[in-house]
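Pasting the sequence and the predicted coordinates here, then a few questions.
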Amino acid sequence: MASTRCCVPAAQIPSRCCRRSAVRVAAQQQATGPAALGRPAPAVAVNNAVAGPHLSTKDVGNSTNIRWHESMVARRDKEMLLGQRGCVLWFTGLSGSGKSTVACTLEHLLHERGHLTSLLDGDNIRHGLNKDLGFSAADRTENIRRIGDVAKLFADAGAVTMTSFISPYRADRDMVRQRCQPGEFLEVFMNIPLEVCEARDPKGLYKKARAGLIKNFTGIDDPYEAPTQPEITVDCFTADGHPRSPLDMAEQILQILDDMGYLRDPRMPTLAAYGALQRKNSDGVLDYAQL
Ligand SMILES: Nc1ncnc2c1ncn2[C@@H]1O[C@H](COP(=O)(O)OS(=O)(=O)O)[C@@H](OP(=O)(O)O)[C@H]1O
Ligand SMILES: Nc1ncnc2c1ncn2[C@@H]1O[C@H](COP(=O)(O)OP(=O)(O)O)[C@@H](O)[C@H]1O
């Protein structure tokens, strides 16, 4: 069963007045620069050989002399507009485990309920952004690194963002988790045994891999490192041994998102912060009015 860990920080809610003045300052800064606001010019830039009123820049990887621009519309304001919290639901599991099917079903459920979503799918992304990557360990790591950053951009815009990639290496998934804010990254483990995935084999890839026609196929001759502490575990069978449908799985995730407060205005308290899981009323319904 899924754990209920959630540690979304209770950020400050900017007042209307603060937001207005932030917009004014931003406009002034763009028009005339910080000196016009009566502030001292920023300190000598990290990379600037010549001292002067330059904005500081730095080097990141092979990108030299770059500078981070804060988004002028705060993420929280976007989340308030949408009535939800941006997050990354990171589906991981073997090929054929149902990542795409369940993520797609969940996206429809969320959309029907009026939520903004985004879905990044392994096969699709490898048709475009990541078509230069293969399936070596290094390429898979780079695949996940890029997707992690793209997913984060969507979450920053307030979308409930789903990714469906095998993402076989624990370290790669943890790297994405670390790039996210606390509570923003939810690992969804498709806990479907290899035998079940292989029996499905919708693309015939397991058959080819067993025949040696595809090398380094995950689960056959390439590793899959299962998550040790996923936020959500999706099991193949019900407690009494019946196979679960994609809809049942998607509804499980939807319920957890709802219970954890991701699908409501970010000004509402999160369950983790207030221990509201214990505060269900006698009908078993969460009673937010009590908080
Ligand atoms: N060698 C090998 N191993 C695993 N999978 C392979 C391989 N070659 C091709 N495919 C197909 O590529 C899909 C997996 O792509 P991902 O981007 O999700 O992989 S990874 O996260 O970088 O490991 C995967 O799609 P899914 O079945 O949707 O998972 C396969 O169809
Ligand atoms: N819960 C499920 N029960 C039965 N079949 C499923 C279930 N989820 C997915 N499938 C089927 O399994 C196959 C693989 O699903 P897919 O979503 O493509 O997996 P992945 O994206 O992990 O490779 C598809 O044919 C899909 O219809």
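Noted; the coordinates are in hand. All values derive from a computational prediction rather than experimental measurement. Ligands and ions are numbered 1, 2, ... in the order given.

So for the strand or helix carrying residue 151, mean pLDDT?
Assigned by DSSP states H and E, residue 151 belongs to helix 137-156. Confidence over helix 137-156, taken as the mean pLDDT, stands at 97.

what packs against that helix?
Under the contact definition 3 or more C-beta pairs under 8 Å, 6 or more residues apart in numbering; DSSP states H and E, helix 137-156 sits against strand 87-92, strand 117-121, strand 160-164, helix 170-179. Placement of C-beta: from N, CA and C, glycine included.

Let me see the mean pLDDT of the second one.
It stands for strand 117-121. For strand 117-121, the per-residue pLDDT averages 96.

For the closest residue to ligand 1 within the stretch 1-150 of the chain, which residues are in contact?
When scored by C-beta to the nearest ligand atom, the stretch 1-150 of the chain has residue 122 as its residue closest to ligand 1, at 2.8 Å. Residues near residue 122 by C-beta atoms under 8 Å, 6 or more residues apart in numbering: 99-100, 164-166.

Now compare these and name the two farthest from each other.
100 and 166 (10.9 Å; C-beta to C-beta).

Tell me how far residue 222 lies from residue 211.
Taking C-beta to C-beta, to the nearest Å as the measure, residue 222 falls 16 Å from residue 211.

Which one's more surrounded, these two?
residue 222 (17 against 8; other C-beta atoms under 10 Å).

quick one, phi psi at the more buried one?
Main-chain dihedrals, residue 222, degrees, to the nearest 10: phi -140, psi 150.

bridging residues for the residue most central in space within the chain?
In the chain, the residue lying closest to the centroid (C-alpha atoms, centre = their mean) is residue 88, at 1.6 Å. As for beta bridges, residue 88 partners with residue 161, residue 185 under DSSP bridges.

Who are the contact partners of whatever residue of the stretch 151-291 of the chain ends up closest to ligand 2?
When scored by C-beta to the nearest ligand atom, the stretch 151-291 of the chain has residue 202 as its residue closest to ligand 2, at 3.7 Å. Taking C-beta under 8 Å, 6+ apart, we find residue 202 in contact with residue 96.

With residue 216 instead?
Listed by C-beta under 8 Å, 6+ apart, the contact set of residue 216 reads 135-136, 222.
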